[in-house]
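Trainee: need a 3D model of the following:
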Amino acid sequence: MHGHGFTDDFRKSFENPETFLNSILKGGEVIAELGCGTGFYCKYLKDYASKLYCVDAFCPALEEAKKRAPSAIFLCENASKTSIPSNSVDVVLFANSFHDMENKVEVVNEVKRILKKGGRVIVIDWEKKRTSFGPPERVRMSEEEYIEYFKDFKLVNKFKPSEYQYGLVFIKND
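Mentor: Predicted coordinates for the structure are as follows:
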C-alpha cells in the first residue's frame with residue numbers, strides 16, 4: 001500500500017503523470033485525491049489545482065505528502081467519510097488506491113457527495129494481470145469492476161498512463 005514500496009524515480013520510470021495529466025485536467029479546479037499515500041500525485045496535482053485536498057487514512061504517509069505539496073489541504077481521514085464540503089470538488093482522483101479501500105460503495109457515495117454536478121472522477125489503476133511488480137493480482141480491479149462501482153456516472157474517456165495500468169474518466173450526471 002501507499003506506493004507499494006516504489007521510489008519516486010522508479011515509479012516515474014513507468015508511470016509519469018507529466019505525460020498525461022495535462023490531457024485530463026483543465027487547470028484551476030478544486031481537486032481531491034482520495035488515498036493519496038505519500039503524495040506522489042499531489043506534487044503534480046498542485047500545479048493544476050486552485051485548491052487541492054490530499055486525503056489518506058494512514059496519517060504517517062501524509063507527513064511525506066506535505067513535503068511534496070505544502071500548499072495542499074491534508075486530511076487524515078477515511079475516503080468514505082471526509083470533511084470536504086458537499087458539492088465543492090471538480091475532480092476526484094483515485095491513483096492506485098481504490099482497490100485498497102474497504103468500503104467501496106461508501107467511498108463512491110462520498111464521491112457523489114463532494115463532487116459538483118458535472119465533476120469528474122479519474123481512476124488510474126493496475127491492469128488485472130500478473131506483473132513483476134505492483135500490488136498482488138488478487139487485489140487489482142478490472143475496468144469493468146470500476147464501471148460497475150461508478151454505474152451512476154458516465155464513462156467519458158479511457159487513457160493509458162503506463163503499459164501496466166489503465167485510466168478511466170467518469171462524469172457525475174446529477
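Trainee: could you dump the lowest-mean-pLDDT helix or strand in the chain to CSV, C-alpha only?
Mentor: Lowest by mean pLDDT, DSSP states H and E among the helices and strands of the chain is helix 8-14, with a mean of 78. What follows is helix 8-14, C-alpha atoms only, in CSV (Å, rounded to 0.1, in the frame of the first residue of the first chain):
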residue,chain,number,x,y,z
ASP,A,8,9.6,8.2,-6.9
ASP,A,9,12.3,7.7,-9.6
PHE,A,10,11.3,4.1,-10.2
ARG,A,11,7.6,4.9,-10.2
LYS,A,12,8.1,7.8,-12.6
SER,A,13,10.0,5.5,-14.9
PHE,A,14,6.8,3.7,-15.8
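Trainee: and the lengthiest strand in the chain, which residues are buried?
Mentor: Assignment by DSSP state E gives strand 115-126 as the longest strand of the chain. The neighbour-count check on strand 115-126 (16 or more other CB atoms under 10 Å) flags Leu115, Gly119, Arg120, Val121, Ile122, Val123, Ile124, Asp125, Trp126 as buried. Where C-beta positions appear, they are placed from N, C-alpha and C, glycine not excepted.
Trainee: so what pairs up with the fifth one in the strands?
Mentor: When you say that, I think you mean Ile122. Using DSSP bridges, the bridge partners assigned to Ile122 are Leu93, Val169.
Trainee: one step back: show the subsequent helix or strand relative to the least confident helix or strand of the chain.
Mentor: Using DSSP states H and E, the helix or strand that follows helix 8-14 in sequence is helix 21-24.
Trainee: helices or strands up against that next one?
Mentor: Packing partners of helix 21-24 (3 or more CB pairs under 8 Å, 6 or more residues apart in numbering; DSSP states H and E): strand 153-162.
Trainee: check what pLDDT the residue positioned nearest the centre of the chain gets.
Mentor: Computing the C-alpha centroid of the chain and ranking residues by CA atoms, centre = their mean puts Phe94 first, at 1.8 Å. Looking at Phe94, its pLDDT reads 98.
Trainee: all good on my end, thank you.
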